[in-house]
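In: What shape does this take:
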Amino acid sequence: MERDGQQLSARPALETEGLRFLHVTVGSLLATYGWYIVFSCILLYVVFQKVSTRLRALRQRQLDRAAAAVEPDVVVKRQEALAAARLKMQEELNAQVEKHKEKLRQLEEQKRRQKIEMWDSMQEGKSYKGNVRKPPEEDSTGPSTSSVLPKRKSDRKPLRGGGYNPLSGEGGGACSWRPGRRGPSAGG
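Out: Predicted coordinates:
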């Protein structure tokens, strides 16, 4: 019986010594590499999340492809809907083009009428009073129309005097610039 008691008392000492050894080794390991372990665990978790979402998306795409391959009616319906949408957009675009062409025709007709009226009034010896301001396109019609309408000078006063030249260095007030002295610095 005495032996059994020694074995029982020896056993807890071995267990406590093993726990102490485990505590010391794990404690020193965590003290030395603790933050590295924590950050690597966080990094592994983030990587695992990214990989799992990509795998789910890949599986979903494979299932969608399989479903589309199995159901050709769905593919045909999608293509018909796409063609109908394209046709509708093309019709809208064609309608806009026609409206634009009609506007251009009306503008050309209006310009033609104005030119005819101006020509008729000039033939009768009258001045043309219909439209004093002309669009910029009509100013470049030719030399005969430019002599009919003289250019009006502006009544505004000029911003600076007539003798102002920014390159001369005069008339600038306190903002004149002069180059520095050439040669070695003065000193002794």
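
In: Please identify the helix or strand for Gly125.
Out: Secondary-structure assignment from DSSP states H and E places Gly125 in no helical or strand segment.

In: contacting residues for it?
Out: Not one residue lies near Gly125 by CB atoms under 8 Å, 6 or more residues apart in numbering. Backbone N, C-alpha and C define where each C-beta goes, glycine included.

In: quick one, phi psi at it?
Out: phi 90, psi 10 (degrees, to the nearest 10).

In: And it, how far from Leu107?
Out: 29 Å (CB to CB, to the nearest Å).

In: and if you look at Ile116?
Out: Taken as CB to CB, the span from Ile116 to Leu107 is 15 Å.

In: residue ranges with poor pLDDT in the protein?
Out: 1-12, 68-70, 128-154, 158, 160-162, 164, 169-176, 185-188 (pLDDT under 70).

In: Which residue ranges of it form helices?
Out: Secondary structure of the chain (DSSP state H): helices at 2-70, 72-123, 136-139, 143-148.

In: Helix 72-123 and the first one, what's the angle between them?
Out: Between helix 2-70 and helix 72-123, the angle comes out at 50 degrees (axes from the mean of the first three to the mean of the last three CA atoms, to 10 degrees).

In: No more questions from me, cheers.
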